[in-house]
Each structure stands twice: as structure tokens, then as C-alpha cells.
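**Q** Sequence below, structure please.
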Amino acid sequence: MSASVLNKGGKRAWRGLVMAAVLLWAGAAAAKGPLYLWELSDARGELRAWLYGTIHVCDAACFPLPADVQKALAAADSLALELDPADPLLARRLGEAALLPAGQQLDALLPPALRPRLAAVAARLGVPGEALQRLQPWMAGTLLTVRAAQQAGFGTEHGVDLWLARAAKERGLPLAALESVDRQIQALAAGGAAAQQASLAEVIGLIEDDAAPAYFADLLAAWRAGQVEQIDRLVREDAASPEMAPLLAELLDARNREMADAIAARLQPGQRAFIAVGAGHFGGAGGLLELLASRGFRLRQVEAAHD
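**A** All right, here's what the predicted structure looks like:
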């Protein structure tokens, strides 16, 4: 793949992938107006669950979460997340899958023109080049994204999913994972060599252009305002390129269908679950809201009740 193809539409397509990756992996919410929270009722109108869109990389101003979100969590019988952050297998499996085979280097998988750009961006973010060369392209892109977020003032330690998991543990609330870490790894590594090259090239391009801080600010503003269609637009904007389509189809569309099935299977009569997944999975054709509605559920977006 030529460098020109890799760079074409880089900023906007990168935004879609960063949204997918950051939302797969996180000031206070708007005082008034819609929240990124939905009530999920069955065909008879009985409340069965709350569905909450999360940000996996955030900052301290994301907390406390809106009162309506905390109230719903307090009323729930269980919590379901994409993954359980406390699962001891999580870090181990990610660590194993992230590494290239012994003796192989990341540069060998990349076009020659991209290699010095990768090295320059890694140095800029303080990522050791030798360590980066041992990583699969998807993990290299994820690491650079997280470092760019940290430089913009955001971090995984302020992820909403992590806060919810800790709150559930403190309350003794049962916590379940909607999918496995191996499934997430499979999705991140999907699309073939062209998609993986394009993904990493676009991460590099946005960092080179100093566009990450503004992008993360836009993302958080849409999340705080409950703007599901804006989030979906950011996820999918310019993502129809041939290189990117197979990767996003797996990261979003396929996993949305699987998570909709998992959510429906978890809903038990007489119980109410609090279900939280990345905000990028909610909107548009094939999003969770549409998929759950097609299964006969009624969804109502919650409005913030007070300042």
C-alpha cells in the first residue's frame, strides 16, 4: 500500500478508529438535557434494564457521574460490562496477544515511508522504540492512542467502566462480562494487513497534526450531552474507505449484534440490570439501540432531572 493511500482521509478515518478503540477499552455531564443513558423496557412496558454508554478514557471532570446514572446503578440487581476490568486473565491475554512472534519487528509489517513517522511519533510520546517494535500493529496503535490521550489530559484511570466496576464491587453487586477478552482481541486485530496498516498510519497522522486534544474534547462534549448520533458520526466518518471497512465492520457491526444478543439473554423476569458498554456502539444502523428495538424492546433516553 502506498503512503498516499495510507494518508488519504487520515484525520477523519483515524477519528473513527480512535473512537472505536477508546470506547471499546473511556466536567461533569450536562446539568440538563439528555444523558447517555436509556431505560430498556419489554413489550409490556416493564422496566428491565438501564443501558449506559461509557467512555473508557476520561479525566477527573467526568466525575461524579450524573445523579440519574448513579440512581439507576443503585436500583439495579446486577452490572454488565463489555469486560470485567478485575478479571486476572485480561492483562495476561492482552499481553500475550499484543506481541509479535519472536524475531519479528513491527517495521517489517509496514510500508517503508511509514517507519520513520512511527519512530518520530513514538519518541514524541515517550514510547520506547524497541518496545514498540515488538507489538502487533493494533496494539501499537492502541498504545499510541492512550499516550496521546494522556498528553491531552485524559487517562484510563478515569475510565467510566472502571468506576462502575469498583462501585459494583463496593456494593456487592454481581458483575458479568458481555464478551470475552479473546473476542475483543480478535476484533482489534481484524481486517487484514491493509486495514491494520491504515489504522496505524492514521493514528500517527493525527498525532503528527496535534489534533488529538481537540478530538478528545469533542468526543467528551458529545458524550456529556447524550448526543448518540454525533458519536456515531464521529465513529463512522470517512470510515467507508476500502482499507478501513473490514476492521470497523468487525469492531462495531459484528460485536454490536453479539452484544445485543448477550444483553437480551441477560434480562431476567423480576430483575433489573445496569448494562454499560462503549458509547460508540449505540447509534446508527446496526447500533445497539436499533438492534434492541428490533428485538421488541422499548428504549427511552433519560433526561437529567436537575442541576
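
**Q** so where's the chain uncertain?
**A** Applying pLDDT under 70 to the chain picks out residues 1-31, 237-241, 306-307.

**Q** hey, where'd the helices end up in the stretch 101-250 of the chain?
**A** Using DSSP state H, counting those that start in this stretch, the helices assigned to the stretch 101-250 of the chain run over residues 114-125, 129-132, 137-151, 160-171, 181-188, 192-208, 212-224, 228-236, 245-248.

**Q** S78 is nearest to which of the ones you listed?
**A** Nearest to S78, of all those, is helix 160-171, at 8.3 Å by C-beta to C-beta. From N, CA and C alone the C-beta is placed, and that goes for glycine too.

**Q** do you know which of the helices of the stretch 101-250 of the chain lies nearest L81?
**A** Here helix 160-171 is closest among these (C-beta to C-beta), at 5.5 Å.

**Q** who does the closest one touch, helix- and strand-wise?
**A** Identification of packing neighbours for helix 160-171 by 3 or more C-beta pairs under 8 Å, 6 or more residues apart in numbering; DSSP states H and E yields strand 47-54, helix 67-75, strand 78-81, strand 175-177, strand 273-278.

**Q** Same list (those) but as TSV, adding distance to I263 and mean neighbour count.
**A** Shown next, in TSV, are those (distance: least, C-beta to C-beta, whole Å; neighbours: other C-beta atoms under 10 Å):
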stretch	distance to I263	mean neighbour count
strand 47-54	7	23
helix 67-75	15	16
strand 78-81	7	22
strand 175-177	11	16
strand 273-278	6	26
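
**Q** can I get these in CSV with distance to R236?
**A** Output for the helices and strands packed on helix 160-171, formatted as CSV (distance: least, C-beta to C-beta, whole Å):
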stretch, distance to R236
strand 47-54, 16
helix 67-75, 26
strand 78-81, 23
strand 175-177, 26
strand 273-278, 14
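
**Q** This completes my enquiry, with thanks.
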